[in-house]
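1. Fold the following, please.
(2 chains)
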Amino acid sequence: MSMKYGTGRRWWLIALLFMSLPAAAAGFQAQDSIPAPALVARDLAGVERTLADYRGKVVLLNFWATWCPPCRREMPSMERLRVKMQGRPLEILALDSVEPVEDVKAFLEIMELGFPILLDPEGVNTKRWKVFGLPTSFLLDAQGRIRYTLSGPVEWDEGEALQIIESLLAELPDQRKASGSAPKP
Amino acid sequence: MFMTGLFRARLWMCHGLLAMLLLTFGMTGSFGKAAAALPDDQRYPASGERLLLWVSSEHGRDPLEASAAESLSAAGVAVWSLDPSNSYFLPQLPRSMDAVPVQDVVDWVRAAQATGKEVSVYAVARSAVPVLRALATLDPAERSALCVILIYPNLYRVAEPLAEPDYLELGSLDGAVIRVLQPRRSAATPWLPGLVATLQLSGATVSTVMLENLRERFWARQTPTEYEIAEGRRLDVLLLREMEACR
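-> Take a look at the predicted model:
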């Protein structure tokens, strides 16, 4: 009897271990609500953007470059996430790290993306946010605090990434988490 | 009594042998050092005055690197090519390079200098770590006689988002002359000034060369650009130029 109980408990532990695997797979690092460093970057239209423009929304800030294959691979999932989350208070920002704007424009002719692309030609923001590898992503809550970091690519519209984003959206007051009534930049 | 005497004599002989062994190892260094042969390298001989010690990255020796070594050899530059992952049976991970025995690299550099040729050392990515640690172990005169070329060296102890970069402690590099080659299309490019400052703080004289329109390991990319393919085939030219610049 005790053997049976022991075996059952072991299987339960193994099942728990497998259930926890997807959470460990992507490698998201939970942060202790760190205040975000300043972000000042121009978009492709030349308009200066700061994080204050997106206050009240959950923000996915992704550092990338056109020459980085893993960055290019995860971009379509970011676009699918944008479409999936339309009307909800989530802002996806892709900050191109230390590249000429011509390279970015050439890339966007191949891959159509509906979220804002910000430019960091001198790497000022890249250094301020201490980004050492690409892609690196930050998930910010509606108060502009950093809640998660991720080094490396992920499929943003599924699995752990989507769960985390949903959990940050769930922290918002009811009328905002569904309708996305946060102020537009 | 006789048996006891014989036993004592044998005991003394054993002690004597042991003492001789200890003395021998004491004169040549530790047991570990004596056991550490020169690293298992691939040699490309040449009759010229220059010898390049080439340390591949954690990814191992790429066929294009071997081809460049052959070209250098044909141009009169001898090459001793070390593939640390293969030689030391290490996983192909950056941190594996930290496990390369530094004394082996020191002995390797000294063996190269003993040929009487003008010696340069070229290290790729994280293999810069054992090379720089070996450099710190050399005598200042041995160190300053070398030309050291590092391409996108990875010297981080820790590099986590939102935290200041933390570099490895390498020891004194007083008198070392180091050229850092940095492909522009790399996440490490904005951090180059910090890396240079770290090497300078260790006492090295550092110069940098930005390799435009290239990515790290451009000679072995899965999806290379046409320019990367062309430059990958000209690695020998790049290294000849950088060895010249060290003079």
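
2. Do a quick rundown of the helices in chain B.
-> B:2-28, B:31-35, B:63-74, B:84-87, B:102-113, B:128-137, B:140-144, B:192-201, B:226-232, B:235-246 (DSSP state H).

3. go on, chain A?
-> Going by DSSP H, chain A shows helices at A:2-25, A:69-84, A:101-110, A:124-128, A:159-170, A:174-179.

4. Just the C-alphas of the fourth one, formatted as CSV.
-> The reference is to helix A:124-128. In CSV, the C-alpha atoms belonging to helix A:124-128 read as follows (Å, rounded to 0.1, in the frame of the first residue of the first chain):
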residue,chain,number,x,y,z
VAL,A,124,22.2,55.4,-26.3
ASN,A,125,19.1,53.5,-25.2
THR,A,126,20.8,50.1,-25.7
LYS,A,127,23.5,51.1,-23.2
ARG,A,128,21.1,52.8,-20.8
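
5. Contacts made by that helix with the rest, please.
-> A:37-41, A:63, A:95, A:97-98, A:118, A:120, B:190-191 (CB atoms under 8 Å, 6 or more residues apart in numbering or on different chains). Quick note: C-beta positions are derived from backbone N, CA and C, even for glycine.

6. Now it: average pLDDT?
-> Regarding helix A:124-128, the rounded mean pLDDT is 98.

7. cool, stretch A:140-150 as well?
-> On average, stretch A:140-150 scores 97.

8. now it: how far from the chain's centre is it?
-> Chain-centre distance of stretch A:140-150: 9 Å, with CA atoms, centre = their mean, to the nearest Å.

9. So that stretch, near chain B or not?
-> Yes - judged by CB under 8 Å from any CB of the partner chain, stretch A:140-150 and chain B are in contact via A:146, A:149.

10. Endpoint to endpoint, that stretch covers what distance?
-> 12 Å (CA to CA, to the nearest Å).

11. How about that stretch, which residues are buried there?
-> Across stretch A:140-150, burial judged by 16 or more other CB atoms under 10 Å in any protein chain shown covers A:140-142, A:144, A:146-150.

12. Same check on stretch B:174-183?
-> B:175-183.

13. Just want the residue of chain B that's nearest chain A.
-> Closest residue of chain B to chain A, CB to the nearest CB: B:P190 (3.5 Å).

14. so that residue makes contact with A:P121?
-> No - using CB atoms under 8 Å, B:P190 is not in contact with A:P121, being 10.7 Å away.

15. Spit out the residues that contact those two alike.
-> In terms of CB under 8 Å, 6+ apart, B:P190 and A:P121 are both contacted by the residues A:V98.

16. still on that earlier bit, quick one: which of the buried residues of stretch A:140-150 is nearest to chain B?
-> Once CB to the nearest CB is applied, the member of the buried residues of stretch A:140-150 that ends up nearest chain B is A:T149, at 4.6 Å.

17. pLDDT weak spots in the chain?
-> Let's take chain A. Within chain A, the stretches with pLDDT under 70 are A:1-25, A:175-185.

18. oops, I was thinking of chain B
-> Along chain B, segments meeting pLDDT under 70 span B:1-36.

19. hmm, back to that, farthest-separated two in the buried residues of stretch A:140-150?
-> A:A142 and A:L150 (19.0 Å; CB to CB).

20. Filtering the buried residues of stretch B:174-183 by proximity to chain A, which remain?
-> Counting by CB under 8 Å from any CB, no member of the buried residues of stretch B:174-183 is near chain A.

21. Find the residue at the geometric middle of the chain.
-> By default, I'm working from chain A. The centre of chain A sits closest to A:L60, judged by CA atoms, centre = their mean, with a distance of 3.4 Å.

22. For A:D53, see how far away that residue is.
-> Distance from A:L60 to A:D53, counting by CB to CB, to the nearest Å: 14 Å.

23. just B:T137 next, same as before
-> 54 Å.

24. same check, this time on A:N125
-> On the measure of CB to CB, A:N125 and A:D53 end up 14 Å apart.

25. out of the two, which sits in the more crowded spot?
-> Ranked by neighbour count (other CB atoms under 10 Å in any protein chain shown), A:N125 and A:D53 place A:N125 first, with 22 against 17.

26. how many other residues sit next to B:F89?
-> Neighbour tally, B:F89, other CB under 10 Å: 8.

27. Report how many residues lie close to B:Q103.
-> Neighbours of B:Q103 under the rule other CB under 10 Å: 15.

28. What of B:E212?
-> 10.

29. show me what contacts it?
-> B:R184 are the contacts of B:E212 under CB under 8 Å, 6+ apart.

30. and the residue of chain A found nearest chain B, backbone torsions?
-> Closest contact between chain A and chain B, by CB to the nearest CB, is at A:G123 (3.5 Å). Per-residue torsions, A:G123: phi 80, psi 20 (degrees, to the nearest 10).

31. I figured it hits A:V98, correct?
-> Yes - counting by CB under 8 Å, A:G123 does reach A:V98; the two are 4.2 Å apart.

32. intersection of neighbour lists for those two?
-> With CB under 8 Å, 6+ apart as the test, A:G123 and A:V98 both reach B:189-190.

33. For those two, indicate the residue with more neighbours.
-> A:V98 (23 against 16).

34. gap between that one and A:F132?
-> Applying CB to CB to A:V98 and A:F132 gives a distance of 12 Å.

35. likewise A:E158?
-> Counting by CB to CB - A:E158 and A:F132 are separated by 27 Å.
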